[in-house]
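1. Below are the sequence and a predicted model; questions follow.
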Amino acid sequence: MPALNGRLGVRFPGSASPVVQFDGTNTTMNPTVQVPHNSDERVPVDRSRTFDPADYPHQPHKYRRTDHFRQRFKDPERFLTNEVIQRTIVEGELKNNGDGCSSFHWMRHNDGVEWWFIAGHHHDGYLIAVTAWPYLRDREQAAEYGWSAEDLDTIREFNAKKRNNFAKEWSDYVEWSINHNGAIA
């Protein structure tokens, strides 16, 4: 089992390196394209769209990164890596997020940490990466897989934080989304 040491130590058995670079410096996610951003709106998502799974391919290079996403990718309490993002998109279950966006959910071999990637369509019609985060599903499983107690506490605290775009605590929103969109993957 690999040792996990925060953002830089997330490694999966059998993977020599991330398959896709997703860090803003060398990425297949349209690194030269800057997503226009209105100052009066946090993320320029077309929330009027009706969910259609065909609109959200399991192909990381199709999603343009927003400034919002870039900031969250760098956030150490999210433990995001290139590999985590790619696998969440490629291998994750796609669901309607219920807010004009879609969500990809992925957990590596039931390691206790589920990864979420939120995607949407920009007001101009192209796909955008909105945000991503870990969600602690099973602390014991995660500890057995190699997550440190400190990292698990960080994820738990992150999941419990209030967000200014949701009235409920983040973990309540996650549970609402799962219940709204069907059974846990």
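-> Looks like it arrived, so ask away. Computed from a prediction, not measured in an experiment: that's the story for all the values here.

2. and stretch 50-60, how far apart are its ends?
-> Here the two ends of stretch 50-60 are set 21 Å apart, with distance taken as Cα to Cα, to the nearest Å.

3. in it, what's buried?
-> For stretch 50-60, the neighbour count (16 or more other Cβ atoms under 10 Å) marks Phe51, Tyr56, Pro60 as buried. (C-beta placed from N, C-alpha, C; glycine too.)

4. Next: stretch 143-150.
-> Within stretch 143-150, judged by 16+ other Cβ under 10 Å, the buried ones are Tyr145, Gly146, Trp147.

5. for that stretch, what is the average pLDDT?
-> Summarised as a single mean, pLDDT over stretch 143-150 is 96.

6. Next, the distance between the ends of that stretch.
-> 10 Å.

7. cool, stretch 60-71 as well?
-> 18 Å.

8. Could you do stretch 113-131 as well?
-> Start-to-end, stretch 113-131 (Cα to Cα) is 17 Å.

9. what about stretch 117-130, average pLDDT?
-> Mean predicted lDDT for stretch 117-130 stands at 94.

10. Span of it from start to end?
-> Per Cα to Cα, stretch 117-130 runs 8 Å from first to last residue.

11. Show me what it is in contact with.
-> 29, 35-36, 43-47, 49, 55-56, 62-66, 68-69, 85, 88-89, 92, 97, 100-104, 106, 131-132 (Cβ atoms under 8 Å, 6 or more residues apart in numbering).
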